[in-house]
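> Generate coordinates for the sequence data below:
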Amino acid sequence: MSIESVAVIGSGTMGRGIAHSAALAGKQVVLFDLTSELLDTAVRSIHKNIDEGLRRGKTEPEAAERAKVSISLTTDLGEAARVDLVIEAVPEDMELKRKVFGRLDAAAPPHAILASNTSSLSISAIAAATERPDHVIGLHYFNPAHLMRLVEIIRGDSTSDATVTTCRQFVAEIGKTAVLCRDSPAFIVNRIARPFYGEALRLLGEQVAEPQTIDRLISSLGFPMGPFELLDLIGLDVNLAVTQSVYDAYYQDPKYRPHPIQRRMVDSGRLGRKSGRGFYDHKNRQS
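Predicted structure coming up:
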């Protein structure tokens, strides 16, 4: 099966990037969220990012205009589901995702593939909320999704070979690089990343060094961003949810334990770039 139409469920940071990349690749995209206000904000952001790609010479003018007009908006989940591929990008909560997948399963055509952008939750558990577990898969993009080339394709216990093949073809068509992995807590990248963030937070908690010093050190080793810059980009709330999920999935293995600094910052609203302040003050920061 060839994927020609895509629905993205959730118009937050990840949903916008996923919709952007699919539209730029020539796919028809339906973007869903709960309110028109959320969708209007999202599509303005997508258009701004498309224009930035055009300004930098990364995108051809014809492709940019085609991408803009190929994105439609809806607050009707049933309408959104009438596509070849649905990609869910709602908050990292198993109960919420299973509820969404149950509704998508009832509304989507029989051939449709239902994918989750979850970064740590079990694809097999999500698939159990549907009557088509063979058509359920994980497509985990990385932030910013319209720029980052990597996509993890996660195969659940019941995911069919045909579903995997179709999704690998889709990922290639939108110009991304796919890595295939089995359904396991945090998959590949986020499992590796937990100690990257965790050890940096422990250094900070023990007052060994400040975030800026640690970030400069890591960047000097060839990383494009230090751990605290990356935490601010991703969002402290998102990172904490993933860290807690991985910690629980591995039965409280100490190496995955969240740090109190994460919880304190989330509770105080210091979420990173999206709130204007995290480890850095992004309202006043020049770069």
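
> all contacts plus neighbour counts: C-alpha atoms, from now on.
OK.

> what does the lowest-mean-pLDDT helix or strand in the chain rub up against?
Least confident element among the helices and strands of the chain, by mean pLDDT, DSSP states H and E: helix 236-249 (a mean of 91). Counting by CA atoms under 8 Å, 6 or more residues apart in numbering, helix 236-249 makes contact with 92, 119-121, 185-186, 191, 194, 231, 253-254, 256-258, 262-263, 265-266, 270-272, 278, all of which sit outside it.

> one more time with 7 Å
Residues from elsewhere that reach helix 236-249, judged by CA atoms under 7 Å, 6 or more residues apart in numbering: 92, 120, 185-186, 194, 231, 253, 256-258, 262, 266, 271-272.

> repeat for stretch 23-42
Residues outside stretch 23-42 that contact it (CA under 7 Å, 6+ apart): 4-11, 16, 19, 22, 63-64, 67, 70-75, 77, 80, 173-174.

> just to revisit the earlier point, narrow the contacts of helix 236-249 to those that are buried.
By neighbour count, with 16 or more other CA atoms under 10 Å, the contacts of helix 236-249 hold 92, 120, 185-186, 194, 231, 256-258, 262, 266, 271-272 as buried.

> Just the ones of these in helices?
R194, L231, Q262, V266 (DSSP state H).

> hmm, which two among the contacts of helix 236-249 are most spread apart?
Put simply, by CA to CA the two of these set farthest apart are D253 and G272, 26.8 Å from each other.

> rewinding a little: mind picking the lowest-pLDDT entry from the ones in helices among the buried ones among the contacts of helix 236-249?
Ranked by pLDDT, these bottom out at R194, which has 92.

> if I pick the closest residue to it other than its chain neighbours, what's in contact with it?
Sequence neighbours aside, Y256 is the residue nearest to R194 in space, at 6.2 Å (criterion: CA to CA, 6 or more residues apart in numbering). Applying CA under 7 Å, 6+ apart, we find Y256 in contact with R194, P195, T243, V246, Y247.

> next one: G272
Contact analysis of G272 by CA under 7 Å, 6+ apart lists D232, L233, G235, L236, G278, F279.

> Highest neighbour count among those?
Across those, the neighbour count under other CA atoms under 10 Å reaches its highest value at L236, namely 28 neighbours.

> Tell me where the stretch 151-287 of the chain is predicted with low confidence.
Along the stretch 151-287 of the chain, segments meeting pLDDT under 70 span 285-287.

> can you list the domains in the chain?
5-182, 191-275 (automatic domain parsing).

> how far is the first one from where the chain is centred?
Think domain 5-182. Per CA atoms, centre = their mean, to the nearest Å, the displacement of domain 5-182 from the mean C-alpha position of its chain is 9 Å.

> and if you look at stretch 170-186?
For stretch 170-186, the separation from the chain centroid amounts to 12 Å (computed by CA atoms, centre = their mean).

> Report the buried residues of that stretch.
The neighbour-count check on stretch 170-186 (16+ other CA under 10 Å) flags F170, V171, I174, K176, A178, L180, R182, D183, S184, P185, A186 as buried.

> where does the residue lying closest to the fourth one once chain neighbours are set aside land on pLDDT?
Closest residue in space to K176, ignoring its immediate chain neighbours: R149 at 4.6 Å, by CA to CA, 6+ apart. On pLDDT, R149 comes in at 95.
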